[in-house]
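K.L.:
Kindly generate the corresponding structure for this input.
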Amino acid sequence: MAPEASKPPIRIPERLRIQRAARGRAFAIRFRQGPAAIAAAALVCLLIGLLYLVLQIRTILSDQLKQEYAGLVLEAVERAESARSVAGIWQQLPNATPARAAGYQQARTELTHRLTSLAALVNASPSAPPPISPSSLAPDADMRGTDALLNAMSTYWRAQRDTDSADVRVRIAYVARTLIASAALLFCMLITALGMYAKRNRQLAGQSHEFEYAALHDAMTGLPNRRKLFAALEEAAAKSSAVAESCKIAVLYIDLDGFKQVNDSLGHRVGDEFLIAVSKRFRESVRKVDVVARIGGDEFAVLIREFSTNAELGEIARRLIACVVQTDRAMGVGRVRASIGIASFPEHVEDYHRLVAAADEAMYRVKRSGKNSYAFADHAN
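P.N.:
Okay, here's the model as predicted:
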């Protein structure tokens with residue numbers, strides 16, 4: 001008989017493996033430990049601890065009831081022993097007189113009553129103690145049998161009471177240790193949950209800061225974007241109006257001449273490198289309190305928070321033009337220059353909201369008149 005051909009191994013399609021891996025990651029992420037998971041675990045542990053405590057307390061109460069019941073039986077035994085002692089005294093009197101006979105009979109009746117009460121207590125016990133036979137309750141029962149019965153009842157129920165008392169003490173110790181362990185466990189879980197919650201908040205705060213930074217800065221050059229520029233302009237204008245002597249602020253609008261040809265001839269990678277390099281030089285050529293922003297494409301703007309004269313602004317513009325020339329020479333491009341428009345508040349424009357637009361218009365005048373220079377905005381703006 002020919003051997004059975006071995007079956008080829010079953011191959012799982014790549015797409016199915018990817019789907020399974022994705023589901024596994026989703027499951028892991030869903031059940032990843034966090035403050036909520038720690039809190040849920042603490043709640044489960046607390047519920048289990050409370051259930052255990054309830055059961056222990058219930059057992060303690062049951063043992064206490066048994067202990068009290070054993071005490072009642074022992075009291076009944078003591079009363080029966082007292083009645084037995086009285087009957088024995090009457091029995092030992094030497095003279096057989098009617099008074100002695102009547103006293104002895106009354107003592108035996110009392111002893112029988114005590115033994116009947118004791119039997120009722122013993123027979124009603126929820127446990128299974130040694131029973132009391134009906135013959136021991138007869139008025140003419142042998143005294144030696146009564147003595148043996150009372151001695152056996154006293155020994156048994158004292159041992160039962162001691163056992164129940166020891167059990168209560170042991171269970172109380174269990175409850176105390178459980179409470180201490182539960183408190184320690186809950187405290188540790190609480191500290192862990194608070195630590196994880198604080199860590200999660202720090203992570204969220206860091207992510208929020210990253211998102212805010214990304215929303216206000218240019219991704220390629222790292223400079224503030226248009227939104228950040230206008231926010232800084234609002235802040236500078238508010239500070240200027242708050243001081244006793246109004247401070248002058250200005251915006252320099254920069255457009256790179258010939259940059260489009262760099263992208264077309266040398267590629268966008270070289271163009272991006274040029275923008276990053278010139279942005280760094282722009283940032284180094286002005287004060288730290290001033291804002292250099294990339295408006296978009298090859299257009300930049302510089303917010304000067306405070307200056308004295310237009311000559312100072314002209315000097316800043318010449319430094320910015322020099323930054324472009326230096327970057328052009330360092331990268332060997334040989335064709336990029338800059339046109340800059342300057343507008344100041346409140347000298348050139350009366351409304352600071354018009355600063356950027358006025359500087360943009362002045363920049364276009366420079367481009368129309370030959371480029372690679374700067375010009376101030378008209379006072380009409």
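
K.L.:
In the stretch 151-300 of the chain, what residue spans correspond to strands?
P.N.:
Assigned by DSSP state E, counting those that start in this stretch, the stretch 151-300 of the chain shows strands spanning 249-257, 291-296, 299-304.

K.L.:
Give me the mean pLDDT for the longest one.
P.N.:
With pLDDT averaged residue by residue, strand 249-257 scores 95.

K.L.:
Who are the packing partners of that strand?
P.N.:
helix 226-242, strand 299-304, helix 310-331, strand 337-345, helix 355-368 (3 or more Cβ pairs under 8 Å, 6 or more residues apart in numbering; DSSP states H and E). (Glycine included, C-beta is placed from N, CA and C.)

K.L.:
Please tabulate those in CSV, including the columns mean pLDDT and distance to Q203.
P.N.:
Formatted as CSV, these follow (pLDDT from 0 to 100; distance: least, Cβ to Cβ, whole Å):
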stretch, mean pLDDT, distance to Q203
helix 226-242, 88, 24
strand 299-304, 96, 33
helix 310-331, 94, 39
strand 337-345, 94, 42
helix 355-368, 93, 37
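
K.L.:
Reformat these as a markdown table; add distance to E210.
P.N.:
A markdown table is the format used below for the helices and strands packed on strand 249-257 (distance: least, Cβ to Cβ, whole Å):
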| stretch | distance to E210 |
| --- | --- |
| helix 226-242 | 15 |
| strand 299-304 | 24 |
| helix 310-331 | 29 |
| strand 337-345 | 32 |
| helix 355-368 | 27 |
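
K.L.:
For those, give me a markdown table that also has mean neighbour count and distance to R114.
P.N.:
Shown next, in a markdown table, are these (neighbours: other Cβ atoms under 10 Å; distance: least, Cβ to Cβ, whole Å):
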| stretch | mean neighbour count | distance to R114 |
| --- | --- | --- |
| helix 226-242 | 16 | 100 |
| strand 299-304 | 23 | 109 |
| helix 310-331 | 17 | 118 |
| strand 337-345 | 25 | 114 |
| helix 355-368 | 20 | 112 |
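
K.L.:
Tell me which of the strands of the stretch 151-300 of the chain sits nearest to F187.
P.N.:
strand 291-296 (50.7 Å; Cβ to Cβ).

K.L.:
quick revisit: so which of the strands of the stretch 151-300 of the chain comes closest to A359?
P.N.:
Per Cβ to Cβ, nearest to A359 of those: strand 249-257, 3.7 Å.

K.L.:
That closest one vs helix 310-331, what angle?
P.N.:
Between strand 249-257 and helix 310-331, the angle comes out at 30 degrees (axes from the mean of the first three to the mean of the last three Cα atoms, to 10 degrees).

K.L.:
where are the low-confidence patches of the chain?
P.N.:
For the chain, the stretches flagged by pLDDT under 70 are 1-36, 38-39, 243-246, 379-381.

K.L.:
again, only this time at 50
P.N.:
Along the chain, the model assigns pLDDT under 50 to residues 1-10, 27-31, 244.

K.L.:
Distance to Y197 for the strands of the stretch 151-300 of the chain - can I get that in a markdown table?
P.N.:
Listed next are those as a markdown table, based on distance: least, Cβ to Cβ, whole Å:
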| stretch | distance to Y197 |
| --- | --- |
| strand 249-257 | 44 |
| strand 291-296 | 37 |
| strand 299-304 | 40 |
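
K.L.:
Select, out of these, the one closest to D164.
P.N.:
Nearest of the strands of the stretch 151-300 of the chain to D164, taken as Cβ to Cβ: strand 291-296 at 84.6 Å.

K.L.:
which other helices and strands contact the closest one?
P.N.:
The contact analysis (3+ Cβ pairs under 8 Å, 6+ apart) places strand 291-296 against helix 226-242, helix 268-285, strand 299-304.
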